[in-house]
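A.B. asks: got a predicted model here, sequence first, then my questions.
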Amino acid sequence: MVTSTTALGFTVLTLAVFAGAGIRYSRGRVGSVEEFITARDSAGVGTLTATLIASSMGAWILFSPAEAGAAFGGISAVAGYGAGSALALVVFAFVGPRIRDLIPEGHSLTEYALARYGRAFYAYVLAVSVLYMFVFLAAEMTGIAGALSLVAGVPTWQTASLIGVFVLAYTAYGGLEASIFTDTLQTLVVLPLLAIGFAGALLALGGTGEIYRSALATNPDLLNPSFLPGVEFGAYVVIAIVGAEMLNQAWWQRVYAAEGTRTLRRSFLIAALAVLPMILLAGLFGLAAAGLGLVRTGANYNADIAFFLVLQEAFPEWVVLAVVLLAVLLVTSTADTLFNAIASVVTADLPRVLDDPSRGTLTTAARALTGVVAVGAVWVGAQGYSVLELFLTADLLAAATFLPLLAGLYTGRLTGVAALSASLAGLAVGLAFFPTLHGPVSVLVPAAVLPAASFLASFLGAALVSGGLALLAARATTGRYDLGRLGREIGRFDEDEPAADGGVRRPLDAGESRDTAETRDTTNARDVRTGRDDPTDEAAEAGDPNELTNGDDGR
Amino acid sequence: MIAPLAIGPTAFAALAWGSVALVLGVLSYEVVAVARESRSDEQ
């Protein structure tokens, strides 16, 4: 067995190189809180795609898809995992441009929720989003701590602390700029090595023919795309992942980091094209583990480390350690993304909580919050909790929330009260079917009344009921929220920032890109925050009966 | 022998090696795209 000291030495070296690169790159680039949390309009197709791929692919790709393949239904479960992860990116390829059009100067999804729906739904979205991102982060820490413990007996708290300290060092310093840079390094260096490692493992196991034969001999259902438990898992995991990712602030940040709408759409679609096969490939190792008879269920359940079981079977220890070090880097780039995403959600809301904070205060707060998130993630990661139930609970909350949340980007007829009610109704239906909470829920509701537990019914019910009620409420409402208000109410933190030509950069109108704004500025120099010469505002000020105002929807 | 509803060995091989090829293809594209962007940033 590789000694704990050797494994820790290589881990520190790997982390130090990445952290050093992140700090070096971001030196002199982060002057304001805007740059710290948004990196607005800065990433071209290559860089944006790289950060999307890296942020998608945490160490979880070495755990969850293989576990799904080995224990939750074979090839159809793996396909569902891949499809859900890719579909979330595809959805952002189409929703992202809408977000930029309506809120060109935005920062976060909670900022949108507050402006569009009011405080109640904002608080709900904030809680669900932060819970999901924190559980994601804790799962990454728990997974990698478990992997180093398996391979080299490294205590979990040591792995979690090391990763937390190094990631915090460059993320608190360089913010989103540093995160995007290290993500690019990961995509260009780590993922190709990992893909080649996957290919090598397929060959070392005797080729795909041998893996196929052993899986077929052990359990033919592993290779059956119509195996019902696998199809059910594949279906609900699609809803769970898509719903949760819509509330992942990391994607909203990257929508704004894109150079433009075209870059945004292309990058999200290309990233989806990379994520799908990577997950399929990782999932096949679950089939291989099951075929080789390495997977145990019951008290000694080990399907969650099926990928590493196969590696240990196929390769010498040093290769396994090398893969674990790649996994450390996968965690690193996902952790930096989530540290910054969680900090940015709160930072974007501070101007509303604090009384006119200075830019220095906001930047300091963003860095301090990054530290708080890091400490929390290290602590949870070191505990070795089973995060699956937490993950599923956070996913269920998101599944009941994402459709009403996103509907507000397309219709002005949905009010905050209706959106919150639709989400809570969806959540109630989801909880009624949710297997892991059937026990606690039956304390409130007699067990005989509760429907049979089913994850598929739970996630499907949560999404359909919340989405359906939101749709009905929007059709039934006569008032209309002017979506143009989003762009006028949400502005930059540094809107008086001097432009490169010595003038003052102004915020953008809704639906206006920086490119078109610069053309328009030559003919129209009005201040859009006042919106005095905007016809829609004039209508609003004249008392447009369809205009919902603050208070109309319970704010 | 293939189970009635299981995918065949050829489809399994195509899934595995096709995934490897697609991942490496996209990542190669990425290397070129990022290199091009760095060059244009330097200029």
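C.D. replies: Great, that's in hand. Numbering: from 1, shown residues only, chains lettered A, B, ... in the order given.
A.B. asks: what's the burial count for the closest residue to residue A:245 other than its chain neighbours?
C.D. replies: Nearest residue to residue A:245 in three dimensions, chain neighbours excluded: residue A:88, at 3.6 Å (C-beta to C-beta, 6 or more residues apart in numbering or on different chains). For the C-beta atoms, the positions are set from N, CA and C on the backbone; glycine is no exception. By other C-beta atoms under 10 Å in any protein chain shown, 23 other residues sit near residue A:88.
A.B. asks: ditto for residue A:138
C.D. replies: 24.
A.B. asks: tell me which residues of the helix or strand containing it come out buried.
C.D. replies: Using DSSP states H and E, residue A:138 maps to helix A:119-152. Within helix A:119-152, the residues scored as buried using 16 or more other C-beta atoms under 10 Å in any protein chain shown are A:120-122, A:124-126, A:128-152.
A.B. asks: quick check: phi and psi at the most centrally placed residue in chain A.
C.D. replies: Residue closest to the average C-alpha location in chain A (C-alpha atoms, centre = their mean): residue A:248, at 3.7 Å. Dihedral pair for residue A:248: phi -90, psi 110, per degrees, to the nearest 10.
A.B. asks: could you say what helices and strands the helix or strand harbouring the residue nearest to residue A:245 packs with?
C.D. replies: Assigned by DSSP H and E, residue A:88 belongs to helix A:74-102. Packing partners of helix A:74-102 (3 or more C-beta pairs under 8 Å, 6 or more residues apart in numbering or on different chains; DSSP states H and E): helix A:45-56, helix A:64-71, helix A:228-246, helix A:249-257, helix A:261-291, helix A:484-489.
A.B. asks: returning to that earlier point: residue contacts, the residue nearest to the centre of chain A?
C.D. replies: A:129, A:132-133, A:136, A:341 (C-beta atoms under 8 Å, 6 or more residues apart in numbering or on different chains).
A.B. asks: distance to residue A:456 for the residues you listed - can I get that in a markdown table?
C.D. replies: Shown next, in a markdown table, are those (distance: C-beta to C-beta, whole Å):
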| residue | distance to residue A:456 |
| --- | --- |
| A:129 | 24 |
| A:132 | 20 |
| A:133 | 25 |
| A:136 | 22 |
| A:341 | 29 |
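A.B. asks: tell me which parts of chain B are close to chain A?
C.D. replies: B:2-3, B:5-7, B:9, B:12-13, B:15-20, B:22-24, B:26-27, B:29-37 (C-beta under 8 Å from any C-beta of the partner chain).
A.B. asks: now do residue A:128 against chain B, distance only.
C.D. replies: Distance, residue A:128 to chain B, using C-beta to the nearest C-beta, to the nearest Å: 31 Å.
A.B. asks: swap that for residue A:172, please
C.D. replies: The spacing between residue A:172 and chain B, counted by C-beta to the nearest C-beta, is 25 Å.
A.B. asks: do residue A:349 as well
C.D. replies: 33 Å.
A.B. asks: helix/strand/coil for the closest residue to that residue other than its chain neighbours?
C.D. replies: What sits nearest to residue A:349 in space, not counting adjacent residues and going by C-beta to C-beta, 6+ apart, is residue A:110, at 6.2 Å. Classification of residue A:110 by DSSP: H, G, I helix; E, B strand; the rest coil places it in helix.
A.B. asks: what residues are up against residue A:110?
C.D. replies: Applying C-beta under 8 Å, 6+ apart to residue A:110 gives the contacts A:122, A:125-126, A:129, A:249, A:345, A:348-349.
A.B. asks: tell me how far it lies from chain B.
C.D. replies: Going from residue A:110 to chain B by C-beta to the nearest C-beta gives 31 Å.
A.B. asks: can you check residue A:343 too?
C.D. replies: From residue A:343 to chain B the distance is 26 Å (C-beta to the nearest C-beta).
A.B. asks: which element is that residue on?
C.D. replies: helix A:317-353.
A.B. asks: go through that helix and flag the buried ones.
C.D. replies: By neighbour count on 16+ other C-beta under 10 Å, the buried set for helix A:317-353 is A:319-321, A:323-351.
A.B. asks: per-residue confidence for residue A:33?
C.D. replies: Note on residue A:33: pLDDT of 73.
A.B. asks: the nearest residue to it once chain neighbours are set aside: neighbour count?
C.D. replies: Spatial nearest neighbour of residue A:33, excluding adjacent residues (C-beta to C-beta, 6+ apart): residue A:362 at 4.0 Å. Other residues near residue A:362 number 22, with proximity taken as other C-beta under 10 Å.
A.B. asks: middle-most residue in chain B, spatially?
C.D. replies: residue B:22 (1.5 Å).
A.B. asks: are we agreed that that residue is in a helix?
C.D. replies: Yes. Counting by three-state DSSP, residue B:22 is found in a helix.
A.B. asks: ok, the closest residue to it other than its chain neighbours - contacts?
C.D. replies: Once flanking residues are discounted, residue B:22 sits nearest to residue A:277: 4.2 Å by C-beta to C-beta, 6+ apart. Neighbour list for residue A:277: A:82, B:18-20, B:22-23 [criterion: C-beta under 8 Å, 6+ apart].
A.B. asks: which residue is the nearest non-sequential neighbour of residue A:169?
C.D. replies: Among residues not flanking residue A:169 along the chain, residue A:19 sits closest, at 5.1 Å (C-beta to C-beta, 6+ apart).
A.B. asks: can you check residue A:485 too?
C.D. replies: residue A:115 (7.3 Å).
A.B. asks: am I right that the one you found is in contact with residue A:489?
C.D. replies: Yes. Residue A:115 is within contact range of residue A:489, at 4.9 Å (criterion: C-beta atoms under 8 Å).
A.B. asks: ok, which stretches of the stretch 301-450 of chain A are helices?
C.D. replies: A:306-314, A:317-353, A:359-383, A:388-399, A:402-407, A:416-433, A:438-444 (DSSP state H, counting those that start in this stretch).
A.B. asks: buried residues in the following helix or strand past the last one?
C.D. replies: Tracing the chain past helix A:438-444, the next element assigned as helix or strand by DSSP H and E is helix A:455-476. Buried residues in helix A:455-476, defined by neighbour count with 16+ other C-beta under 10 Å: A:455-467, A:469-471, A:473-474.
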